[in-house]
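Q: need a structure here:
(one chain, ligands or ions: 1)
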Amino acid sequence: MGARSPLWPATLHHLRIDSAQPEAMAEFYARVFGLVRHELADGTLALVGGQRRVLIGRGRGKSLNFGAYAVRDQAQLEALRGYIREQGVPVLPAPPCLFREGAMTVADPDGRRVVFGLPREDAGSDARPGRLQHLVVTSRDVAAVAAFYGEALGFVLSDRVLRDNGECTTCFYRSDPEHHSFAVFQADEVRLDHHSVEVPTWNDVRDWGDYLASLRIGIDWGPGRHGPGNNLFFMLRDPDDNWIEISQDLERMPREMVARDWPHTEYTLNTWGRGVLRS
Ligand SMILES: [Fe+2]
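A: Modelled structure (predicted):
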């Protein structure tokens, strides 16, 4: 089913994280990532840079309210709207976000929303390079979430992580040639796992590490290299303990490339060393 979807190409443009302490979260993202703050119509805090944008809403902590994916043009957006309706998925108006009028929303099996639309003009540039690239969530039911993103929406499966008994613990999906723009991990709770900022060169990974050190913000995991995606990475934490990934060298896969399977081991999560298994 998903192979007919007009989703491709779609790129993660912004995300909304909910928090019980939105002011502290907004202060952190503005200061550490060099983002400019403003407020949307419903009071959602918008932190906006040239290539990375995060919305902070009031709500349960560690939760992704929505991921917002930009499509290429109005014709693609309308084709996607029609395709999703054909799948029997209710299409809802978009919440306040950074897209133009006419964006659309769907809700996944865990109640997270996915917004598709066309960006407004982006303002400014970033003092430090790094573009928002992917987001990862956890779920108690990876199979249901995978069916929704893969079949109902048309994200393309890049890699799966399987236990010895064949149970899938992680699915990575792409919506353009980069290895994943969305992934879901099996866990005992539904939450945001992390979002990623992709930097242009390995030296930028070093420079982000040095910059964070100057702020006395330590690296929480890494540096290492993921198996699926092959990206160099390290993770830091925001005030709610959500991970933020600094990533580089993410694999590129043509749309027609067949997905691969990986074992559920620490090596898969980090070929360089310690892996943090979510289940
Ligand atoms: Fe990641």
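Q: what does the stretch 51-200 of the chain put close to the ion?
A: Ser196 (C-beta under 5 Å from the ion). For every residue, glycine as well, the C-beta is placed using N, CA and C.
Q: Which parts of the stretch 51-200 of the chain are helices?
A: For the stretch 51-200 of the chain, the helices defined by DSSP state H, counting those that start in this stretch cover 74-86, 142-147.
Q: could those helices go into a markdown table alongside mean neighbour count and mean pLDDT?
A: A markdown table is the format used below for the helices of the stretch 51-200 of the chain (neighbours: other C-beta atoms under 10 Å; pLDDT from 0 to 100):
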| stretch | mean neighbour count | mean pLDDT |
| --- | --- | --- |
| helix 74-86 | 16 | 97 |
| helix 142-147 | 18 | 97 |
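Q: Contacts only, for the nearest residue to Gln74 once chain neighbours are set aside.
A: Spatially, and ignoring its direct neighbours in sequence, Gln74 is nearest to Leu118 (6.7 Å; C-beta to C-beta, 6 or more residues apart in numbering). Residues counted as contacts of Leu118 (C-beta atoms under 8 Å, 6 or more residues apart in numbering) are 70-71, 73-74, 77, 99-100, 102-103.
Q: For the stretch 51-200 of the chain, give me the ranges with low pLDDT.
A: By pLDDT under 70, the weakly predicted segments of the stretch 51-200 of the chain are 122-123.
Q: Point me to the residue of it nearest the ion.
A: Closest contact between the stretch 51-200 of the chain and the ion, by C-beta to the ion, is at Ser196 (4.4 Å).
Q: Need phi/psi at the closest residue in space to that residue that isn't next to it in sequence.
A: Nearest non-adjacent residue to Ser196, counting by C-beta to C-beta, 6+ apart: Glu245, 4.1 Å away. Glu245 adopts backbone torsions of phi -100, psi 130, taken as degrees, to the nearest 10.
Q: which parts of stretch 174-190 are buried?
A: Across stretch 174-190, burial judged by 16 or more other C-beta atoms under 10 Å covers 174-176, 178-187, 190.
Q: Per-residue confidence, Ser214, what does it come out as?
A: pLDDT, Ser214: 98.
Q: Return the residues in contact with it.
A: By C-beta under 8 Å, 6+ apart, the contact list for Ser214 is empty.
Q: Roughly how far does it sit from Val137?
A: Separation of Ser214 from Val137 (C-beta to C-beta, to the nearest Å) stands at 31 Å.
Q: Same question for Arg163.
A: Counting by C-beta to C-beta - Arg163 and Val137 are separated by 19 Å.
Q: do Phe116 as well
A: Going from Phe116 to Val137 by C-beta to C-beta gives 17 Å.
Q: These two: which is more packed in?
A: Each of Phe116 and Val137 has its neighbours counted (other C-beta atoms under 10 Å); Phe116 has more, 26 against 22.
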